[in-house]
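Student: Attaching a predicted model along with its sequence, questions to come.
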Amino acid sequence: MDKKKEVNDIEPGPDSSRSVDRFGFIKTEQSNSQEGVLKSRSTHERGREERRIRKWRKMIGTGGSDWKHYCRRNPHVVKRRIRKGIPDCLRGLVWQLISGSRDLLLMNPGVYETLVIYETSTSELEIIRDISRTFPSHVFFQQRHGPGQRSLYNVLKAYSVYDRDVGYVQGMGFIAGLLLLYMSEEDAFWLIVALLKGAVHAPMEGLYQAGLPLVQQYLFQFERLVGEHMPKLGEHFIEEMINPSMYASQWFITVFSYSFPFHITLRVWDAFLYEGIKVVFQVGLALLRFCHDDLVKLPFEELLHSLRNFPEEATDPDKLLPLAFSFKVLSHLEELEKEYRKRLEGTNHPTQAQVVSGFSPSNQNLCTGLAARSCPTQMLVKNN
């Protein structure tokens, strides 16, 4: 990056006179009510929270030394506690443990430093261009060329070199940004590697490869799940020519880290890192179920707006997540993946029309346009 900048080109640091929420985001009028609830709750339940933290520290052990042993002995306890939410002060460490990234870090000493310092990436200009678009209202990322933006650049550049087939696309910035709020650059880098290369769960690099192959698969699966679990809403979507590519693409590409309230994003990530991509499907279905009775009455424009702007009560994690986990989708996801892959294998060189032929008629046209994009930038532009 060019360090010789004009004075007017340097953005100041965050305005200290503006209040921030407990996560470091500059408060808006809309966020004040939820923040007030969180503050009053933390004050009222401080003793309970401290006991919960002590339980988690006992589970983890010093530096994570007891984690694997505890998970083997008490898998159901671990799952239940993760679904209730990981204590924020331990979240970064636990995320590394449940994703397998801590093991990757220990097995690859010095690799990250080499990628950052000694390697060059063809995506560097793209990364620089997009840096300021990632969590622009968070104090850590607000200052131009400040520590937050530099760390974000380093992580994204390092991954674009580590996996040149994937390189860099904009959606990765939101995931890297989220991780950097809870861990160091090197830790964040290896967690991205663990996710995309499949250290614990199925690899997710197809979310960012040319043609977005995994996005197409997930949209295919999600549309079918909506039709199965909410047939009335599924029929309404078909009638109004609404399909998942219109509203759910960024759910998968950024795992809800782009446009959802941060407190629900964190709870989704707790479960997602432990249980895998099925959690994204479950949360998506829960959002639709929560608003089902309203959505089935709306015409196209209002329906699309509602699908991109869920009400505050729909993103309350204590209401949304229990509903999400009530959807049993794993076996059906596996069946739908097999069906989707059979369609891909139907010819040695499948055409785009053949790939999306399993979607509803209204979905086929949009998926063709979606796959033509080599970068999901357009999908990450808010439509309010």
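Tutor: The structure has been received and is ready for your questions.
Student: What separation do you get for residue 225 and residue 70?
Tutor: Separation of residue 225 from residue 70 (C-beta to C-beta, to the nearest Å) stands at 33 Å. Just so you know, the C-beta spots here come from the backbone N, C-alpha and C atoms, and that holds for glycine as well.
Student: So for residue 226, what's the nearest residue that isn't a sequence neighbour?
Tutor: residue 234 (4.9 Å; C-beta to C-beta, 6 or more residues apart in numbering).
Student: follow-up on the earlier one: who's more crowded, residue 225 and residue 70?
Tutor: Legend: neighbour count by other C-beta atoms under 10 Å for residue 225 and residue 70, higher for residue 225 (22 against 15).
Student: and the gap between the more buried one and residue 329?
Tutor: Distance, residue 225 to residue 329, using C-beta to C-beta: 6 Å.
Student: where in the stretch 51-200 of the chain is pLDDT low?
Tutor: Counting by pLDDT under 70, not a single residue of the stretch 51-200 of the chain qualifies.
Student: Near residue 299, how many other residues are there?
Tutor: Using other C-beta under 10 Å as the criterion, residue 299 is surrounded by 10 other residues.
Student: That one: what's it in contact with?
Tutor: Going by C-beta atoms under 8 Å, 6 or more residues apart in numbering, residue 299 touches residue 240.
Student: likewise residue 260?
Tutor: Residue 260 sits next to 268, 315 when contact means C-beta under 8 Å, 6+ apart.
Student: before we move on, the earlier item: output the contacting helices and strands for the helix or strand harbouring the residue nearest to residue 226.
Tutor: Using DSSP states H and E, residue 234 falls within helix 231-239. Of the remaining helices and strands, those touching helix 231-239 by 3 or more C-beta pairs under 8 Å, 6 or more residues apart in numbering; DSSP states H and E are helix 213-229, helix 292-295, helix 361-371.
Student: quick one: the spatially most central residue of the chain from residue 77, how far?
Tutor: In the chain, the residue lying closest to the centroid (C-alpha atoms, centre = their mean) is residue 255, at 2.0 Å. Noted for residue 255: a distance of 25 Å to residue 77, by C-beta to C-beta.
Student: And residue 267, by the same measure?
Tutor: Applying C-beta to C-beta, the value for residue 267 to residue 77 is 18 Å.
Student: more crowded one of those two?
Tutor: residue 267 (23 against 13).
Student: Can you read off the pLDDT for the nearest residue to residue 232 once chain neighbours are set aside?
Tutor: Of all residues not flanking residue 232 in the chain, residue 296 sits nearest, at 5.7 Å (C-beta to C-beta, 6+ apart). For residue 296, the model assigns a pLDDT of 97.
Student: How about the contacts made by residue 296?
Tutor: By C-beta under 8 Å, 6+ apart, residue 296 lies in contact with 232, 233, 236.
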